[in-house]
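Peer 1: just coords:
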(Lines give C-alpha, C1' and ligand atoms only; values in the text may rest on other atoms or scores of the structure.)
Protein backbone atom coordinates (compact mmCIF):
# COMPACT_ATOMS: atom_id res chain seq x y z
CA UNK A 1 0.00 0.00 0.00
CA UNK A 2 1.13 3.51 -0.74
CA UNK A 3 0.33 4.96 2.67
CA UNK A 4 0.93 2.80 5.77
CA UNK A 5 -1.70 3.29 8.44
CA UNK A 6 0.25 5.55 10.74
CA UNK A 7 -0.98 8.51 12.73
CA UNK A 8 0.13 11.96 11.59
CA UNK A 9 2.75 12.11 14.36
CA UNK A 10 4.03 8.61 13.59
CA UNK A 11 4.30 9.38 9.88
CA UNK A 12 6.18 12.59 10.66
CA UNK A 13 8.61 10.70 12.90
CA UNK A 14 9.43 8.33 10.03
CA UNK A 15 9.61 10.96 7.30
CA UNK A 16 11.75 13.40 9.29
CA UNK A 17 14.24 10.80 10.53
CA UNK A 18 17.74 12.02 9.74
CA UNK A 19 18.68 8.99 7.66
CA UNK A 20 15.34 8.28 5.98
CA UNK A 21 14.80 11.91 4.97
CA UNK A 22 18.15 11.83 3.10
CA UNK A 23 16.87 9.19 0.66
CA UNK A 24 15.44 10.06 -2.75
CA UNK A 25 11.65 10.48 -2.98
CA UNK A 26 11.31 7.40 -5.21
CA UNK A 27 13.24 5.21 -2.75
CA UNK A 28 11.23 6.49 0.22
CA UNK A 29 8.04 5.81 -1.74
CA UNK A 30 9.02 2.21 -2.54
CA UNK A 31 9.98 1.53 1.09
CA UNK A 32 6.71 2.90 2.44
CA UNK A 33 4.66 1.22 -0.27
CA UNK A 34 5.49 -2.26 1.01
CA UNK A 35 5.79 -1.41 4.71
CA UNK A 36 3.25 -2.51 7.30
CA UNK A 37 2.49 -1.36 10.81
CA UNK A 38 2.69 -3.24 14.11
CA UNK A 39 1.67 -1.85 17.49
CA UNK A 40 2.81 -3.15 20.87
CA UNK A 41 1.90 -2.48 24.46
CA UNK A 42 4.61 -1.81 27.03
CA UNK A 43 6.85 -4.86 27.39
CA UNK A 44 5.66 -6.54 24.21
CA UNK A 45 8.27 -8.74 22.53
CA UNK A 46 9.16 -7.38 19.09
CA UNK A 47 12.02 -9.75 18.29
CA UNK A 48 13.88 -12.40 20.25
CA UNK A 49 17.52 -13.39 20.27
CA UNK A 50 17.95 -16.36 17.97
CA UNK A 51 15.03 -15.44 15.73
CA UNK A 52 15.65 -15.57 11.97
CA UNK A 53 15.74 -12.05 10.46
CA UNK A 54 12.37 -11.67 8.73
CA UNK A 55 11.87 -7.90 8.91
CA UNK A 56 13.62 -4.56 8.59
CA UNK A 57 12.15 -2.30 11.25
CA UNK A 58 11.73 1.39 12.06
CA UNK A 59 10.43 2.84 15.31
CA UNK A 60 7.55 5.25 14.67
CA UNK A 61 6.34 5.88 18.24
CA UNK A 62 7.56 5.09 21.73
CA UNK A 63 10.85 3.23 22.02
CA UNK A 64 12.33 -0.19 21.37
CA UNK A 65 14.41 -1.52 24.24
CA UNK A 66 17.29 -3.65 22.99
CA UNK A 67 18.55 -6.00 25.67
CA UNK A 68 20.52 -9.12 26.43
CA UNK A 69 20.33 -11.65 29.27
CA UNK A 70 23.25 -12.37 31.56
CA UNK A 71 24.34 -15.86 32.60
CA UNK A 72 22.45 -15.36 35.87
CA UNK A 73 19.27 -14.57 33.94
CA UNK A 74 19.23 -10.82 34.52
CA UNK A 75 18.07 -8.64 31.63
CA UNK A 76 20.50 -5.88 30.70
CA UNK A 77 19.38 -2.93 28.58
CA UNK A 78 21.88 -1.93 25.91
CA UNK A 79 20.06 0.88 24.12
CA UNK A 80 16.69 2.37 23.26
CA UNK A 81 15.73 2.83 19.62
CA UNK A 82 13.91 6.13 19.24
CA UNK A 83 11.28 7.20 16.69
CA UNK A 84 12.69 7.68 13.19
CA UNK A 85 15.48 5.11 13.61
CA UNK A 86 15.70 1.97 11.42
CA UNK A 87 17.25 -1.26 12.69
CA UNK A 88 17.35 -5.03 12.14
CA UNK A 89 19.16 -4.86 8.81
CA UNK A 90 22.48 -6.33 9.97
CA UNK A 91 21.03 -9.82 10.41
CA UNK A 92 19.36 -9.58 7.00
CA UNK A 93 22.68 -8.73 5.36
CA UNK A 94 24.81 -11.37 7.06
CA UNK A 95 22.10 -14.04 7.18
CA UNK A 96 22.69 -14.78 10.85
CA UNK A 97 20.05 -14.84 13.57
CA UNK A 98 19.06 -11.95 15.81
CA UNK A 99 21.68 -11.31 18.48
CA UNK A 100 19.52 -9.43 21.00
CA UNK A 101 15.98 -9.18 22.31
CA UNK A 102 13.83 -6.19 21.39
CA UNK A 103 10.88 -5.11 23.54
CA UNK A 104 8.40 -2.25 23.37
CA UNK A 105 9.09 0.42 26.00
CA UNK A 106 5.74 2.09 26.54
CA UNK A 107 3.09 1.95 23.83
CA UNK A 108 5.19 1.51 20.70
CA UNK A 109 4.52 1.54 16.97
CA UNK A 110 6.96 0.03 14.49
CA UNK A 111 7.03 0.05 10.70
CA UNK A 112 8.20 -3.20 9.10
CA UNK A 113 9.51 -4.22 5.69
CA UNK A 114 9.63 -7.96 4.99
CA UNK A 115 13.08 -9.38 4.18
CA UNK A 116 12.00 -10.36 0.66
CA UNK A 117 10.72 -6.84 -0.05
CA UNK A 118 13.89 -5.33 1.42
CA UNK A 119 15.98 -7.36 -1.02
CA UNK A 120 13.71 -6.37 -3.92
CA UNK A 121 14.15 -2.70 -3.06
CA UNK A 122 17.94 -3.19 -2.95
CA UNK A 123 17.73 -4.64 -6.46
CA UNK A 124 15.69 -1.70 -7.74
CA UNK A 125 17.60 1.08 -5.96
CA UNK A 126 21.40 0.83 -5.88
CA UNK A 127 21.19 4.09 -3.92
CA UNK A 128 20.06 2.04 -0.92
CA UNK A 129 23.41 0.18 -0.75
CA UNK A 130 25.30 3.45 -0.29
CA UNK A 131 22.68 4.71 2.12
CA UNK A 132 23.01 1.57 4.24
CA UNK A 133 26.79 1.98 4.27
CA UNK A 134 26.32 5.51 5.62
CA UNK A 135 23.91 4.20 8.25
CA UNK A 136 26.32 1.47 9.36
CA UNK A 137 29.24 3.90 9.42
CA UNK A 138 27.25 6.21 11.70
CA UNK A 139 26.48 3.31 14.03
CA UNK A 140 30.18 2.38 14.20
CA UNK A 141 31.12 5.98 15.03
CA UNK A 142 28.50 6.04 17.79
CA UNK A 143 29.74 2.72 19.16
CA UNK A 144 33.36 3.89 19.26
CA UNK A 145 32.20 7.13 20.89
CA UNK A 146 30.38 5.19 23.61
CA UNK A 147 33.43 3.01 24.27
CA UNK A 148 35.66 6.09 24.44
CA UNK A 149 33.29 7.86 26.84
CA UNK A 150 33.09 4.77 29.05
CA UNK A 151 36.87 4.65 29.34
CA UNK A 152 37.70 8.36 29.55
CA UNK A 153 34.78 10.27 31.09
CA UNK A 154 33.55 10.26 34.69
CA UNK A 155 30.02 9.05 35.35
CA UNK A 156 28.78 12.62 35.87
CA UNK A 157 29.78 13.59 32.31
CA UNK A 158 28.35 10.41 30.80
CA UNK A 159 25.09 10.94 32.65
CA UNK A 160 24.87 14.53 31.39
CA UNK A 161 25.46 13.32 27.82
CA UNK A 162 22.74 10.69 28.17
CA UNK A 163 20.25 13.20 29.58
CA UNK A 164 20.96 15.60 26.70
CA UNK A 165 20.37 12.78 24.22
CA UNK A 166 17.07 11.92 25.90
CA UNK A 167 16.01 15.58 25.80
CA UNK A 168 16.74 15.75 22.06
CA UNK A 169 14.81 12.55 21.38
CA UNK A 170 11.98 12.75 23.90
CA UNK A 171 11.97 16.30 25.26
CA UNK A 172 8.58 17.88 25.98
CA UNK A 173 8.60 21.67 26.57
CA UNK A 174 7.21 22.74 29.92
CA UNK A 175 4.00 24.78 29.70
CA UNK A 176 4.73 26.63 32.95
CA UNK A 177 8.50 27.12 32.56
CA UNK A 178 9.63 28.02 29.05
CA UNK A 179 13.22 26.86 29.43
CA UNK A 180 12.47 23.51 31.08
CA UNK A 181 12.14 20.21 29.21
CA UNK A 182 10.50 17.07 30.53
CA UNK A 183 11.97 13.78 29.29
CA UNK A 184 8.99 11.90 27.89
CA UNK A 185 10.67 8.49 27.94
CA UNK A 186 9.95 6.88 31.30
CA UNK A 187 13.15 5.25 32.58
CA UNK A 188 13.71 3.67 35.96
CA UNK A 189 17.05 4.58 37.53
CA UNK A 190 18.15 0.96 37.11
CA UNK A 191 17.50 1.22 33.35
CA UNK A 192 19.39 4.52 33.14
CA UNK A 193 22.26 2.96 35.08
CA UNK A 194 22.47 0.04 32.63
CA UNK A 195 22.83 2.46 29.73
CA UNK A 196 25.75 4.07 31.52
CA UNK A 197 27.47 0.91 32.69
CA UNK A 198 27.16 1.98 36.31
CA UNK A 199 25.31 0.96 39.47
CA UNK A 200 21.88 2.36 40.27
CA UNK A 201 23.24 3.74 43.55
CA UNK A 202 25.97 5.78 41.84
CA UNK A 203 23.56 7.12 39.22
CA UNK A 204 21.11 8.08 41.97
CA UNK A 205 23.89 10.00 43.75
CA UNK A 206 24.76 11.94 40.59
CA UNK A 207 21.09 12.70 39.86
CA UNK A 208 20.57 13.98 43.40
CA UNK A 209 23.67 16.18 43.08
CA UNK A 210 22.37 17.65 39.80
CA UNK A 211 19.02 18.28 41.46
CA UNK A 212 20.67 20.15 44.33
CA UNK A 213 22.42 22.32 41.71
CA UNK A 214 19.03 23.08 40.05
CA UNK A 215 20.17 21.43 36.81
CA UNK A 216 17.42 18.80 36.84
CA UNK A 217 14.32 18.05 38.86
CA UNK A 218 13.27 14.53 39.81
CA UNK A 219 9.51 14.09 39.75
CA UNK A 220 7.25 11.03 40.08
CA UNK A 221 6.48 11.30 36.36
CA UNK A 222 10.14 11.41 35.33
CA UNK A 223 13.04 13.81 34.94
CA UNK A 224 12.79 17.50 34.09
CA UNK A 225 15.85 19.28 32.71
CA UNK A 226 15.94 22.79 34.13
CA UNK A 227 19.33 23.98 32.82
CA UNK A 228 20.49 22.50 29.51
CA UNK A 229 23.53 24.80 29.37
CA UNK A 230 24.78 23.41 32.66
CA UNK A 231 24.32 19.88 31.36
CA UNK A 232 26.32 20.79 28.25
CA UNK A 233 29.17 22.10 30.39
CA UNK A 234 29.20 18.91 32.45
CA UNK A 235 29.07 16.71 29.34
CA UNK A 236 32.10 18.50 27.88
CA UNK A 237 34.11 18.18 31.08
CA UNK A 238 36.49 15.26 31.62
CA UNK A 239 36.94 15.75 35.31
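Peer 2: Received, thanks. Source: prediction; values computed, not measured. Numbering: from 1, shown residues only.
Peer 1: use CA for all of it now, contacts and neighbours both
Peer 2: Noted.
Peer 1: Next, find the distance separating the closest residue to residue 106 other than its chain neighbours from residue 186.
Peer 2: Of all residues not flanking residue 106 in the chain, residue 42 sits nearest, at 4.1 Å (CA to CA, 6 or more residues apart in numbering). For residue 42, the distance to residue 186 equals 11 Å [CA to CA, to the nearest Å].
Peer 1: for stretch 83-95, which positions count as buried?
Peer 2: For stretch 83-95, burial by neighbour count (16 or more other CA atoms under 10 Å) applies to 83-86, 88-92.
Peer 1: repeat for stretch 180-193
Peer 2: Of the residues in stretch 180-193, 180-185, 189-193 count as buried by neighbour count, 16+ other CA under 10 Å.
Peer 1: where are the low-confidence patches of the chain?
Peer 2: Residues of the chain meeting the criterion pLDDT under 70: 1-4, 239.
Peer 1: For it, just list every one of the helices.
Peer 2: Counting by DSSP state H, the chain has helices at residues 8-15, 25-33, 89-94, 115-124, 127-152, 155-170, 189-196, 200-212, 228-235.
Peer 1: Could you point out which of those sits nearest residue 57?
Peer 2: For those, distance to residue 57 was read as CA to CA. The smallest value, 7.8 Å, belongs to helix 89-94.
Peer 1: before we move on, back to that, just flag the most distant two among the buried residues of stretch 180-193.
Peer 2: 180 and 190 (24.0 Å).
Peer 1: you'd agree residue 236 is up against residue 159?
Peer 2: No - in this structure, residue 236 is not within contact of residue 159 by CA atoms under 8 Å, at 11.4 Å.
Peer 1: These two: which has the busier surroundings?
Peer 2: For residue 236 versus residue 159, the count of surrounding residues by other CA atoms under 10 Å is larger for residue 159: 23 against 13.
Peer 1: I'd guessed that one sits against residue 195; true?
Peer 2: No - if you go by CA under 8 Å, residue 159 and residue 195 don't touch, sitting 9.3 Å apart.
Peer 1: Figure out how far stretch 63-73 is from the centre of its chain.
Peer 2: The chain centre lies 15 Å from the centre of stretch 63-73; the measure is CA atoms, centre = their mean, to the nearest Å.
Peer 1: With stretch 68-83 instead?
Peer 2: For stretch 68-83, the distance to the chain centre is 13 Å (CA atoms, centre = their mean).
Peer 1: ok, now stretch 149-164?
Peer 2: That offset, for stretch 149-164, works out to 17 Å (CA atoms, centre = their mean).
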